[in-house]
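> Sequence and predicted structure are below.
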Amino acid sequence: MALHLGVNPDTGEAIRLPEEDLLRHVVILGATGSGKTVLAKAILEEAVRAGVPVIAVDSQGDLASLGLAPTQDSVALHPAPQDIVDGYWSRAAISIFTPGSSKGSAASLNPLKSPPAFDSSEDAVLYLDALAESLAGGMGYEPSHDGGSRAKDAIYLVLQDAWKAGRWPADVQALSRLLEREPSSDGERLLSKRERASLIRRAKSMTVGAKGLLFTAGAPLDVASMLAWAPSGRVPVNIVYTGGLRNTTERDLVVATLCEDVYHWMTSQPSGDLRLVLYIDEVAGLCPPHPKNPPAKKFLSLLFRQARKYGVGLIVATQNVTDLDYKALGQANTWALGRLLAKQDLDRVRHLVASLHPSSPETVMEEIPSLRPGQFILLSPDHVGDARRLEVRGLATQHVVVAEEKFREVQSSHALVSPPEAEDARTARRRRLATAAAKAARSSLKAEVEEGVGFRVLKIYEDVPGMYGPEEIVAMTGLDPRFLTILVRKLAEARLLRVEHVDGRDVYWDPTVGFDLRRGVPERAATLPLRFPLVAATKRVREHLERRMLVIPKERLSRKEFYYLPLWRVEAELPLGRKGGRVARQFYVSAVSGEIAHAVNGSLSFEEFPRKDGIRYESLALKAHLESGPSQKIGDPVPLAKVGPSQAVEIVRRSFGAKVSSDHPELCLLPLWKFQVESTEDRKTRPLWVDGTLGTVLRAPPEGL
Ligand SMILES: Nc1ncnc2c1ncn2[C@@H]1O[C@H](COP(=O)(O)OP(=O)(O)OP(=O)(O)O)[C@@H](O)[C@H]1O
Ligand SMILES: [Mg+2]
């Protein structure tokens, strides 16, 4: 089937791309707003109509609109032929995967899911190397630094030994156990004792807190299952949403792991026919020019070189044409150039155009700045001299950004689409485990309770997230307290809930959802002093902007918000070096991300991996300066916590080798201001954060916000 992409705006003739051309990959370049995602969606819709499954990596939330039927208004603006709309909706089944969160279908990453299976040792070396690098990146190492690159090598050696010995670690936890064992003699020489301890700590902390959710929440992303869940006759459209991830390291890791799995899947079941289209929106940063070599780039270039003979078509798009390794994408056969205005962007693509269209590159170059949104020039090294102009057809779907909160609705609300089993699989698993837990609780008590009670209780932790003991659940449901006491314990044994000991009793929360600190326990929360109320905080931001004035002249503050960042205050004792003795310290651990918050020269700083001895950390605030009050009465917004008190204690213990004085950390709230800074030139806004205690201007939000 030829893919109907649109028309030539000059002649009105239809532009179609032979399906086989997808096998030889497509690269879409153009400034922001030039219509790259629109073009990609048109191609993906056509793939679905042709019965080819899709996996699309979405960093902005607009690809999720592949699950939204067009409205009258959207069709009026960009009309789509009715047969295309009908064809798409009679086949598409949508699933939105949200790694590390349950906003859509919760999904986790397991880069170690499949041991390498290669004939040639050269392929295996390449693969293990890329894998070691992405794991090192995930642990927060910078591979271009000496320490980072040696840590990567140490991981490589451990993986290689394990693979050769037939003891491949099944997941990140298993890897950290392997790392803990005595290193081989090569490994011994690579890292100092201290570096090795740090590597082990980082490996372990990969599964803790908000960061840990990426590796533990939901079933691992798995290409084979992504292609198999749709009901018969339907074509699965899998959106992998990366916009909710905490930073670019995580995003790189998700794309690298996904590409790794595509590679695995396709090589283990070879077939030459087109059977999967993989689209990566905004590929810049993932595939930068030499010498940068992030893990996603390694797997991507592997795919660009080999996917074709295994029946996988790749599409990538980017607005950042300078930050792209054209060599890695060199195998692509279709290049779509949309509008570019900046001189440096035009200069960057000049070479490309000259090689793809040697007969008259200048004519093409002159057209590029005048293209309208949704218009492209298609170039192909196979059709030298044939530059076709394309105006993308109206889409069979709306083209809008879908809010994360809507993902579940989009997945399941379409009457045309059966709810994807991927989401059902999570629910079904939870229901099954919850039912078994309820059965066990009932049999030990002989209580009269309804069938679905286990799942009903579990849902409370999801729908109104909080840290609740049986007492609170009794108040909400009226169920027998003795039964509930056993039920929640069973739910925790089935790992559906986490147990904590707070305010003198056992309480529970759902680790895939988190908890609102204003519901259930802890009953009291302390607030860090607000030394920078609005006026003082605004002054701080103004000073910060003035210092940047020379660079960006016209900015003003347009909006402000206030909220609290929840922290666990952990009291601990640290050994005092060689002289012996111990010294008391207190650490603040973010309940949202598990990072350690402390002061560096009087400024607030968050660290995922401590960079120095615990002794040398300044505390955020002394205990005497905290003010305690009932947590239920907090009026200002507080984000959901994902790190419980016991994990906070564990983080302090592991990060500093500290002896924690009490297993009951105190909940503390750090006041935070969020300002919107608007450029008076293009009206674009960017956020800036100021903490209310130390008055530090934070350019990036604390992790998890
Ligand atoms: N056929 C079409 N269907 C829908 N929108 C279209 C179409 N043709 C042009 N447009 C316009 O193109 C605009 C931008 O499209 P798109 O989101 O694809 O840009 P982009 O290049 O992906 O930008 P960014 O780099 O910011 O992601 C749309 O908002 C819409 O106004
Ligand atoms: Mg886009």
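Great, that's in hand. Numbering: from 1, shown residues only. Ligands and ions are numbered 1, 2, ... in the order given.

> Just the residues contacting the strand or helix carrying residue 439, thanks.
If you go by DSSP states H and E, residue 439 is part of helix 421-445. Helix 421-445 has contacts (Cβ atoms under 8 Å, 6 or more residues apart in numbering) with 95, 97, 102, 104-106, 218-219, 225-226, 229, 408, 411-412, 447, 449, 451-455, 457-458, 480, 482-483, 486-487, 489-491, 493-496. Glycine gets a C-beta too; all of them are placed from N, C-alpha and C.

> Likewise for stretch 18-25?
With Cβ under 8 Å, 6+ apart as the test, stretch 18-25 has contacts from 1-3, 43, 47, 50, 52, 274, 277, 304, 307-308, 311-315, 329, 331-334, 380, 382.

> Correct me if wrong: residue 590 contacts residue 672.
No - counting by Cβ atoms under 8 Å, residue 590 does not reach residue 672; the two are 11.4 Å apart.

> Name the residues contacting each of the two.
565, 702.

> which one of the two has more residues nearby?
Between residue 590 and residue 672, residue 590 has the larger neighbour count (other Cβ atoms under 10 Å), namely 28 against 24.

> What is the helix or strand encompassing residue 122 packed up against?
Here residue 122 sits within helix 121-138, counting by DSSP H and E. Secondary-structure packing of helix 121-138 (3 or more Cβ pairs under 8 Å, 6 or more residues apart in numbering; DSSP states H and E): helix 146-164, helix 248-268, helix 295-306.

> among those helices, which is nearest residue 56?
helix 248-268 (10.6 Å; Cβ to Cβ).

> Show me what the closest one is packed up against.
Checking 3+ Cβ pairs under 8 Å, 6+ apart, helix 248-268 ends up next to strand 54-58, helix 121-138, helix 209-216, helix 223-226, strand 276-280, helix 295-306.

> Out of the contacts of helix 421-445, which sit inside helices?
225-226, 408, 411-412, 453-455, 457-458, 482-483, 486-487, 489-491, 493 (DSSP state H).

> Of those residues, select the buried ones using a ChimeraX command.
Here is the ChimeraX command that selects the buried residues among the ones in helices among the contacts of helix 421-445 (16 or more other Cβ atoms under 10 Å):
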select :226,408,411,412,453,454,455,457,458,483,486,487,489,490,491
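
> tell me, which of the ones in helices among the contacts of helix 421-445 make contact with ligand 1?
Among the ones in helices among the contacts of helix 421-445, not one lies near ligand 1 by Cβ under 6 Å from any ligand atom.

> Worst mean pLDDT among the helices and strands packed on helix 248-268?
Sorting the helices and strands packed on helix 248-268 by mean pLDDT places helix 209-216 lowest, at a mean of 76.

> gap between that helix and the chain center?
Mean C-alpha position of helix 209-216 versus that of the full chain (Cα atoms, centre = their mean, to the nearest Å) differs by 10 Å.

> Contacts for it next, please.
Counting by Cβ under 8 Å, 6+ apart, 99-101, 108-110, 171-172, 205-207, 245-246, 250, 253-254, 511-512, 592-594, 608, 642-643, 647, 651, 703-704 sit against helix 209-216.

> Of the helices and strands packed on helix 121-138, which is nearest ligand 1?
Comparison of the helices and strands packed on helix 121-138 against ligand 1 by Cβ to the nearest ligand atom identifies helix 248-268 as nearest, at 15.2 Å.

> Run the angle between the closest one and strand 54-58 for me.
Orientation of helix 248-268 against strand 54-58 (axes from the mean of the first three to the mean of the last three Cα atoms, to 10 degrees) gives an angle of 170 degrees.

> So what's the model's average confidence on helix 248-268?
Here the average pLDDT along helix 248-268 is 89.

> In that helix, which residues are buried?
Residues of helix 248-268 classed as buried by neighbour count (16+ other Cβ under 10 Å): 249-267.

> can you pull the contacts of the closest residue to residue 55 other than its chain neighbours?
Leaving aside its chain neighbours, residue 55 sits nearest to residue 238 (4.6 Å; criterion: Cβ to Cβ, 6 or more residues apart in numbering). By Cβ under 8 Å, 6+ apart, the contact list for residue 238 reads 53-56, 95, 97, 226.

> With residue 613 instead?
Residues in contact with residue 613 (Cβ under 8 Å, 6+ apart) are 574, 656.

> right, and residue 257 touches residue 112 too?
No - between residue 257 and residue 112 there is no contact under Cβ under 8 Å: 9.6 Å.

> Name the next helix or strand downstream of the worst-scoring helix or strand of the chain on mean pLDDT, please.
Lowest mean confidence among the helices and strands of the chain (mean pLDDT, DSSP states H and E): helix 185-190, at a mean of 70. Toward the C-terminal end, the helix or strand that comes next after helix 185-190 (DSSP H and E) is helix 193-205.

> What parts of the stretch 301-450 of the chain come near ligand 1?
Counting by Cβ under 6 Å from any ligand atom, the stretch 301-450 of the chain sits next to ligand 1 at 319, 373-374, 392, 394-395, 399.

> Out of the residues you listed, which end up buried?
Buried among those by 16+ other Cβ under 10 Å: 319, 374, 392, 394-395, 399.

> Just the closest residue of the stretch 401-550 of the chain to ligand 1, please.
Closest point on the stretch 401-550 of the chain to ligand 1, by Cβ to the nearest ligand atom, is residue 401, at 8.7 Å.

> any idea how far residue 57 is from that residue?
15 Å (Cβ to Cβ, to the nearest Å).

> So between these two, which is more surrounded?
A count of neighbours by other Cβ under 10 Å puts residue 57 above the other of residue 401 and residue 57, at 25 against 13.

> Quickly list what the more buried one is bridged to.
Counting by DSSP bridges, residue 57 forms beta bridges with residue 240, residue 280.

> so what's it up against?
Contacts of residue 57 (Cβ under 8 Å, 6+ apart): 63, 240, 242, 254-255, 258, 278-281.

> so how far is the lengthiest strand in the chain from its chain's centroid?
As assigned by DSSP state E, the longest strand anywhere in the chain is strand 555-575. Distance of strand 555-575 from the chain centroid (Cα atoms, centre = their mean) equals 22 Å.

> Which neighbouring elements make contact with it?
Using 3+ Cβ pairs under 8 Å, 6+ apart, strand 555-575 sits against strand 524-527, helix 534-548, strand 582-590, helix 645-656, strand 659-660, strand 666-679, strand 685-691.

> how about these, which one is nearest residue 569?
strand 666-679 (4.5 Å).

> got any ranges where this protein has weak pLDDT?
118-120, 182-188, 210, 384-385, 412-425, 549-553, 611-612, 704-705 (pLDDT under 70).

> where does it come near ligand 1, residue by residue?
30, 32-38, 62, 78, 319, 373-374, 392, 394-395, 399.

> Residue 39 and residue 17 touch, don't they?
No - at 10.7 Å, residue 39 does not count as touching residue 17 under the criterion of Cβ under 8 Å.

> Neighbour count for these two, which is higher?
Comparing residue 39 with residue 17 by other Cβ under 10 Å, the one with more neighbours is residue 39, at 27 against 21.

> and stretch 272-290, how far apart are its ends?
End-to-end distance of stretch 272-290 (Cα to Cα, to the nearest Å): 31 Å.
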